[in-house]
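Chemist: pasting the structure only:
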């Protein structure tokens with residue numbers, strides 16, 4: 001029981017920290033989640049992190065909350081889900097509440113607008129870093145089918161402008177077909 005309380009406290013503080021220091025949207029949190037959950041705490045493996053991102057991206061709602069749900073459930077069941085969601089939603093709720101009160105003062109402030117533009121550039125770099133790390137992990141495994149799926153998804157999104165939802169759904173179907181084929185061959 002004491003161990004579960006420790007895990008729940010650590011889970012709450014981790015999701016609170018991740019959520020409090022993630023600016024710029026859902027993809028930025030992936031880097032922080034990987035560092036905290038995979039590298040620091042070893043709660044999940046790198047492959048599980050890829051699965052977590054896929055689930056979080058394909059489910060409705062923010063990636064941070066969806067990721068917290070998956071990790072919370074894996075670590076401590078329904079109580080872990082509740083604790084992780086609570087830790088994840090407190091910082092944005094507080095920040096938005098404060099900003100909404102002070103919105104008119106911030107709206108036309110030159111320094112605030114310049115700060116936000118600088119943050120956008122930093123967010124772009126973080127997203128590029130995550131993309132590189134996750135893509136490199138797939139390439140290092142030398143799994144030709146995964147590499148072809150990755151290249152196809154990138155091409156569909158960046159060259160042909162295919163909606164991300166369609167890409168995620170097609171990749172999910174390909175993953176299911178691949179798993180079923182592997183089970184039939186006895187390789188999974």
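Modeler: Yes, it's here. On a predicted model such as this, the values are computed, not experimentally measured, just so you know.

Chemist: which element is the residue nearest the centre of the chain on?
Modeler: Against the mean C-alpha coordinate of the chain, by Cα atoms, centre = their mean, the closest residue is residue 30 at 4.0 Å. Using DSSP states H and E, the element containing residue 30 is helix 26-33.

Chemist: The residue lying closest to the residue nearest to the centre of the chain once chain neighbours are set aside: neighbour count?
Modeler: Among residues not flanking residue 30 along the chain, residue 130 sits closest, at 4.8 Å (Cβ to Cβ, 6 or more residues apart in numbering). From N, CA and C alone the C-beta is placed, and that goes for glycine too. The local packing of residue 130 (other Cβ atoms under 10 Å) involves 19 other residues.

Chemist: before we move on, back to that, on the C-terminal side of the helix holding residue 30, identify the next helix or strand.
Modeler: Next along from helix 26-33, by DSSP H and E: helix 46-58.

Chemist: wait, the residue nearest to the centre of the chain sits on residue 54?
Modeler: No. Using Cβ atoms under 8 Å, residue 30 is not in contact with residue 54; the gap is 11.0 Å.

Chemist: Now do the SS call for residue 132.
Modeler: helix (DSSP: H, G, I helix; E, B strand; the rest coil).

Chemist: Return the distance of it relative to residue 63.
Modeler: Residue 132 is 18 Å from residue 63, where distance means Cβ to Cβ, to the nearest Å.

Chemist: Of those two, which one has the most company?
Modeler: Taking other Cβ under 10 Å, residue 132 and residue 63 do not tie; residue 63 has more neighbours (21 against 10).

Chemist: so what's that one scoring on pLDDT?
Modeler: Listed pLDDT for residue 63 reads 80.

Chemist: What of residue 188?
Modeler: 51.

Chemist: residue boundaries of the helices in the protein?
Modeler: 2-20, 26-33, 46-58, 63-107, 110-140, 144-158, 164-185 (DSSP state H).

Chemist: By average pLDDT, which secondary structure element in the protein comes out worst?
Modeler: helix 26-33 (a mean of 73; mean pLDDT, DSSP states H and E).

Chemist: what bits of the protein have low per-residue confidence?
Modeler: 23-28, 104, 107, 187-188 (pLDDT under 70).

Chemist: Buried by neighbour count: which residues of stretch 136-146 qualify?
Modeler: Buried residues in stretch 136-146, counted by 16 or more other Cβ atoms under 10 Å: residue 146.
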